[in-house]
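In: Based on what follows, work out the 3D shape:
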Amino acid sequence: MGRLDIYKVELNGLQEKQASYSWVVDRKFFDAVVGEEVNNGKVEVELTVTKQSDLYHLEFVLKGDVIITCDRCLDDMTLHIETTGDFKVRLGDDYTDDGDIVVVPRKDGYINVSWYIYEFIALAIPIKHVHAPGKCNKGMMEKLNGHLIEEEDFEDSEESGDSEETDPRWDDLKKIKEKDND
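Out: Take a look at the predicted model:
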């Protein structure tokens, strides 16, 4: 039995119109899924499967904390997520996933939702994730601040003529452009 087999949802044997599942995903789950965005955390997952004729509607509710890397200082940080997701599944001849409806082979009769759980978690993470002000690694922030150029320093270096000589070919192109603008 594989580590992710507990996330198999049997569709063939679903007798009721609705079935509920719940899991808590943690480090073992994230290690088994091997995704790039999240490597650890503790997220409660509630799944409701509703059977409508030959179509199964899967609705997920996810709440918990994930450990991700801070974009600024590269230390781990905890991010609270609350998200929902859903998709439809139908039994068919071959497996297909066209985005709107997932078709799973009738002979198998189940869908493993582990990757979908991971994707819903990853999509709940904002593009930019940084610690709250003052919470980043102080040593890293000192190094970063040492490489910052203050706006005043930048303007002073431009005015004092510290710029490099330009390639004469560019100067000729600028002259041509100026003639065209006249």
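
In: measure stretch 64-82 end to end?
Out: With C-alpha to C-alpha, to the nearest Å as the measure, stretch 64-82 spans 7 Å from end to end.

In: For that stretch, which residues meet the burial criterion?
Out: Neighbour counts using 16 or more other C-beta atoms under 10 Å place 64, 66, 68, 70, 72-73, 77, 79, 81 of stretch 64-82 among the buried residues. Where C-beta positions appear, they are placed from N, C-alpha and C, glycine not excepted.

In: tell me which of those is nearest to residue 38?
Out: Comparing the buried residues of stretch 64-82 against residue 38 with C-beta to C-beta picks out residue 66 as the nearest, at 4.8 Å.

In: helices and strands around the strand ranked longest in the chain, which ones?
Out: With secondary structure taken from DSSP state E, the chain has its longest strand at strand 76-92. Contact partners of strand 76-92 among helices and strands, from 3 or more C-beta pairs under 8 Å, 6 or more residues apart in numbering; DSSP states H and E: strand 55-69, strand 101-105, helix 114-123.

In: for those, which one sits closest to residue 5?
Out: The minimum distance between residue 5 and the helices and strands packed on strand 76-92 falls on helix 114-123, with 9.0 Å, by C-beta to C-beta.

In: Format the CA atom coordinates belonging to the closest one as CSV.
Out: This file holds the C-alpha atoms of helix 114-123, laid out as CSV (Å, rounded to 0.1, in the frame of the first residue of the first chain):
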residue,chain,number,x,y,z
SER,A,114,-3.6,13.8,-3.2
TRP,A,115,-2.2,15.9,-6.0
TYR,A,116,-5.4,18.0,-6.2
ILE,A,117,-5.1,18.7,-2.4
TYR,A,118,-1.5,19.8,-2.9
GLU,A,119,-2.5,22.0,-5.9
PHE,A,120,-5.3,23.7,-3.9
ILE,A,121,-2.8,24.4,-1.1
ALA,A,122,-0.1,25.7,-3.5
LEU,A,123,-2.7,28.0,-5.2
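
In: now the angle from that helix to strand 76-92?
Out: Taking axes from the mean of the first three to the mean of the last three C-alpha atoms, to 10 degrees, one finds helix 114-123 and strand 76-92 inclined to each other by 140 degrees.
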